[in-house]
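J.: Sequence unavailable; structure follows:
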């Protein structure tokens, strides 16, 4: 039995399936923290597969080459600085009032009739540097204002905003999911950004514009009374000093432009040339984000009256939630390293080639299953990528092709948000929707964003 489990195709596939089932049981039923569940299951799978203890955990004298340390450290070395810097950038933009000035400027430009579209664009732009839930916390009062002034359903204004925030959080660096997947699959973040824009914008147009306009006219929900006070407070603060719109947009654009310049520079410029070195240095994601964060701290912080103590407190508060995200990402990296070492990846690749099932479709289906089962998009992305990494190992995929696999995984990670997803309850609470109304609007919206995102990624995979 043990020999069959460790060396046969059926045994390795069974071991892989059992590991995923155990992972879901621990997270859903036992309510173990995802990073602990990933770590425990990774260790159990390694032992069940017969991997030597020295390979798994090293020895008392040397553990630096063990799967445990290289799995954790290999991915965190890529993503920790990027996620941390991205979090700081989002925090200073939010604290400075950048989100509000962006949204108000869009509302003024588009006018009352096109206010839903303005809210959607605000979510799309501000969703680049800030986490999904922070974007809701900051921009929800502006949704209340727009809905109250028009006398129309809050759904009409909330859904476009949520769509913009959601697609950016799912597909675009520096958010944890795509950054972690890119690190595990060894994809340049420049290609991730290019494919993220190609996938996210069509998904947002169909879900955030077309569907949101349709559902907003059919599900009429007034602004809840308890939220009107917050809306009036935002209204009263409209005249306060705020950063210029051009400055806010410029700071958001800095890291994206630098990373893309580094990516195209590595393709177009001669290796070893001075210009190649300059583009490569400034296009490195950690360097690009460091520059953006320093600019934001100076131009939006110190020059606008923030003290050193305020900036320090803001930084500390914004980075605290990142710790759990990094632990999940690190444990996911270890889980993926174990699956690679067991040889299950090659077995899966062989089975898939026999079935004719594309890796991009497999990636999406697994990610959808993980998302629906346990609710967390980040856990779905990290776990799915760990399963997919050994599958693509021998397929010689190009950087654009690998980036599209990341997009498929990210698309699956947002499908069918329901009651086991924290985002479901945030949306319900902040916009005064009942569970039924949240399922009819938010859950359907997320599913549309997911399906369209995957469809675009699959179509692009046929031509790159």
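T.: Sure, I can see it. Just so it is clear, the model here is predicted, and its values are computed rather than measured.
J.: Let me know whether residue 65 touches residue 58 as I believe.
T.: Yes: here residue 65 reaches residue 58: they are 6.6 Å apart, a contact under Cβ atoms under 8 Å. From N, CA and C alone the C-beta is placed, and that goes for glycine too.
J.: Those two: which has the busier surroundings?
T.: Ranked by neighbour count (other Cβ atoms under 10 Å), residue 65 and residue 58 place residue 58 first, with 17 against 11.
J.: Would you map the helices across the stretch 1-150 of the chain?
T.: Under the criterion DSSP state H, counting those that start in this stretch, helices of the stretch 1-150 of the chain are mapped to 2-7, 9-24, 34-48, 53-57, 67-95, 98-110, 115-126, 132-150.
J.: Let me see the mean pLDDT of the fifth one.
T.: Think helix 67-95. Over the span of helix 67-95, the pLDDT mean works out to 88.
J.: packing partners for it?
T.: helix 34-48, helix 53-57, helix 132-150, helix 176-185, helix 245-268, helix 285-296, helix 308-319, helix 322-342 (3 or more Cβ pairs under 8 Å, 6 or more residues apart in numbering; DSSP states H and E).
J.: what do you get for the shortest one?
T.: When contacts are defined as 3+ Cβ pairs under 8 Å, 6+ apart, helix 53-57 packs onto helix 34-48, helix 67-95.
J.: Between these, which one is closest to residue 18.
T.: Checking the helices and strands packed on helix 53-57 against residue 18 by Cβ to Cβ gives helix 34-48 as the closest, at 8.2 Å.
J.: can you pull the buried residues of that closest one?
T.: Residues 34-35, 37-46, 48 are the ones in helix 34-48 that count as buried (16 or more other Cβ atoms under 10 Å).
J.: now do stretch 102-110
T.: Across stretch 102-110, burial judged by 16+ other Cβ under 10 Å covers 102, 103, 104, 105, 106, 107, 110.
J.: Could you check how far the closest residue to the fifth one other than its chain neighbours is from residue 104?
T.: For residue 106, the nearest residue in space outside its immediate sequence neighbours is residue 118; the separation is 3.9 Å by Cβ to Cβ, 6 or more residues apart in numbering. Between residue 118 and residue 104 the distance is 9 Å, computed by Cβ to Cβ, to the nearest Å.
J.: quick one: least confident helix or strand in this structure?
T.: Across the helices and strands of the chain, mean confidence by mean pLDDT, DSSP states H and E is lowest for helix 225-236: a mean of 55.
J.: Which helix or strand contains residue 169?
T.: helix 155-171 (DSSP states H and E).
J.: Show me the shaky parts of the stretch 51-200 of the chain.
T.: Scanning the stretch 51-200 of the chain for pLDDT under 70 picks out 60-61, 63.
J.: ok, 90 please
T.: Residues of the stretch 51-200 of the chain that meet the criterion pLDDT under 90 lie in 51, 53-54, 57-79, 91, 93-113, 130-131, 133-151.
J.: residue contacts, residue 248?
T.: 93, 98, 101, 102, 300 (Cβ atoms under 8 Å, 6 or more residues apart in numbering).
J.: from the residues you listed, which is closest to residue 420?
T.: residue 93 (30.4 Å).
J.: nearest residue to that closest one other than its sequence neighbours?
T.: residue 129 (5.7 Å).
J.: Report how many residues lie close to residue 381.
T.: By other Cβ under 10 Å, 31 other residues sit near residue 381.
J.: Now do the contacts for it.
T.: Residue 381 makes contacts with 177, 178, 180, 181, 367, 409, 410, 413, as judged by Cβ under 8 Å, 6+ apart.
J.: In this structure the first one contacts residue 414, no?
T.: If I follow you right, that is residue 177. No: the pair residue 177 / residue 414 is not scored as a contact, 9.2 Å apart, by Cβ under 8 Å.
J.: any idea how far residue 16 lies from residue 348?
T.: 7 Å.
J.: any shared contact partners between these two?
T.: Common neighbours of residue 16 and residue 348 (Cβ under 8 Å, 6+ apart) are residue 387.
J.: Tell me the secondary structure of residue 198, please.
T.: Here residue 198 is recorded as helix under DSSP: H, G, I helix; E, B strand; the rest coil.
J.: residue contacts, it?
T.: Neighbours of residue 198 in contact, by Cβ under 8 Å, 6+ apart: 456, 460.
J.: do the one 10 residues further on as well
T.: Residues in contact with residue 208, defined by Cβ under 8 Å, 6+ apart, are 120, 123, 124, 159, 160, 162, 163, 164, 167, 445, 449.
J.: Looking at these, which is nearest residue 249?
T.: residue 124 (12.1 Å).
J.: Please name the nearest non-neighbouring residue to that closest one.
T.: Nearest residue to residue 124, sequence neighbours excluded (Cβ to Cβ, 6+ apart): residue 164, at 3.6 Å.
J.: number of nearby residues for the one you found?
T.: The tally of other residues near residue 164 (other Cβ under 10 Å) stands at 28.
J.: Might you report the residue contacts of it?
T.: So residue 164 contacts 119, 120, 121, 122, 123, 124, 125, 126, 127, 204, 208 (Cβ under 8 Å, 6+ apart).
J.: Put together JSON lines for the helices and strands packed on helix 53-57, with distance to residue 274 on each row.
T.: Shown next, in JSON lines, are the helices and strands packed on helix 53-57 (distance: least, Cβ to Cβ, whole Å):
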{"stretch": "helix 34-48", "distance to residue 274": "43"}
{"stretch": "helix 67-95", "distance to residue 274": "26"}
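J.: so where's the stretch 201-350 of the chain uncertain?
T.: Looking at the stretch 201-350 of the chain by pLDDT under 90, you get 222-245, 266-268, 270-272, 301-308, 310-311, 314, 317-325, 329, 332-350.
J.: mind redoing it with 80?
T.: Where the stretch 201-350 of the chain drops to pLDDT under 80, the residues are 224-242, 343-350.
J.: Ok, the stretch 351-464 of the chain next?
T.: For the stretch 351-464 of the chain (pLDDT under 80), the answer is 351-357, 393-394.
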